[in-house]
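Based on what follows, work out the 3D shape:
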Amino acid sequence: PPEIRVFQATRVTKSFESRSTCCARSYELLVPVAALGLTSGDPVHNQTRVDTFRQALELYQGWHPFHNFTNRKQYAPKARTPEDRAARTKTPKQAISSLDEDDTEAEGKEEDKKIDLKDLGLDPRSLGMGGESWERYYSYWLEEVDEHDRVGQSHWRIMHYCTCGDVEKTHVGDEEVQFLRVRLKGNGFMIHQIRYMVGAAVAVANSVISLEYLRSSMCIPARVRMPRAPPHTLALVHADFYPSRLPSGEVPPPDMPPALELEAPGAQLRDDFHAQHLLPHLARLLRHEDWAPWTQDLSLYQPTLEQEKNLLEKSRQWEADNVAKNIIKAAERKLAEEKREAEEIREAEEKSATELSNDQLNKTAVQRLSKFL
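Next up is the predicted model:
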């Protein structure tokens, strides 16, 4: 069928496994301009919102814990004691590579639903939420480590880039469709992570949450519920792979590349397929019925003034403490290095002195022996 194409065939090793040897994935997610509240009659307003949306996306770049942008418990560290294990409702059974976005995003097993604080064992009154609904958006700061809600190494991901361009236009039939193309590349993605990231950035562009609030959500003690964008316009567009591994001493065949990568002709075929087949299909999904109600519900994720103030104050102090700890650690490392260097110099001097003393003794012995001869 025209929707399926083979761009290139390449020889690989017998042990090659695409998921485990993939070192980075690149995605695109198209966002309709209506979700950002762009209007046709105010270009200054539109550009301001696009710039804010881009700033929010670029906050994700680098190495961060994305525990608030996924099903956190699914990637939690294993319980440390039998009691902890008994208290857990779920422990991770797979490594990072086996729970990436491209494997789970399309399955659709987890339904979109509002959070129920009862399921988390939380009382909204203790979180400064008064008598509000149990299904209300939540935001709080862990003052102490919770063994049943830990952030581990699996929650940390590297985002090589995350950004968007200016408004693009395409046509669905005779109708013009405008959208923003979000582009992002990372070493791996957790379930629904991209949709949460884009949803939170849209919330920033609509002034539902602030940039600083978004930044605070990537602090380890922060617990924040973020909006999850509809999945319909998300697509994997590229994958990078580790170099091929061969047994020691084995020479690779001449037609086997050092790493799996599309050559220029194959890349051109892929780009043509994307423009001629994939983009028109995604453009139709920009009109999907899920976008309008999702955009209207963004206000549910707006924190109260008390919640936002508490989170921002705690995150600033936490970041300041981390800076201080890093400075102390750097000073300790420098001191240890200087101590090690001084010890090496002392040992070298002692060795040199010993060698000189031995040479002097040998010369004295030779002189005395020569007198007798």
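
From here on, just use CA atoms for contacts and neighbour counts.
Fine.

Would you map the helices across the stretch 251-373 of the chain?
With helices called from DSSP state H, counting those that start in this stretch, the stretch 251-373 of the chain shows them at 264-273, 279-285, 291-296, 305-372.

immediately after the least confident helix or strand in the chain by mean pLDDT, which helix or strand?
Lowest by mean pLDDT, DSSP states H and E among the helices and strands of the chain is helix 101-104, with a mean of 48. Remark: after helix 101-104, the chain's next helix or strand is strand 139-141, criterion DSSP states H and E.

That next one pairs with which strands, and in what direction?
Using DSSP bridges, the strands paired with strand 139-141 are strand 222-224 (antiparallel).

can you pull the buried residues of whichever helix or strand comes after the partner strand?
Sequence order places strand 234-241 as the next helix or strand after strand 222-224, per DSSP H and E. Buried positions in strand 234-241, judged by neighbour count with 16 or more other C-alpha atoms under 10 Å: 234-235, 239-241.

want to throw those residues into a markdown table with distance to Pro65 and pLDDT?
Shown next, in a markdown table, are the buried residues of strand 234-241 (distance: C-alpha to C-alpha, whole Å; pLDDT from 0 to 100):
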| residue | distance to Pro65 | pLDDT |
| --- | --- | --- |
| Leu234 | 22 | 96 |
| Ala235 | 23 | 94 |
| Ala239 | 22 | 91 |
| Asp240 | 22 | 91 |
| Phe241 | 23 | 89 |
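
Can you list the buried residues in stretch 40-50?
Neighbour counts using 16+ other C-alpha under 10 Å place 46, 49-50 of stretch 40-50 among the buried residues.

Let me fix that, I meant to ask about stretch 213-228.
213-214, 216-228.

What of stretch 29-38?
For stretch 29-38, a neighbour-count test (16+ other C-alpha under 10 Å) marks 29-33, 35-36, 38 as buried.

Please identify which of the residues you listed is nearest to Ser20.
Of all the buried residues of stretch 29-38, Ser20 sits closest to Leu29, with 23.9 Å by C-alpha to C-alpha.

Can you verify my assumption that that closest one contacts Arg181?
Yes. Here Leu29 reaches Arg181: they are 6.0 Å apart, a contact under C-alpha atoms under 8 Å.

Figure out which of the helices of the stretch 251-373 of the chain is closest to Cys164.
When the helices of the stretch 251-373 of the chain are ranked by proximity to Cys164, the top entry is helix 279-285, at 16.0 Å, counting by C-alpha to C-alpha.
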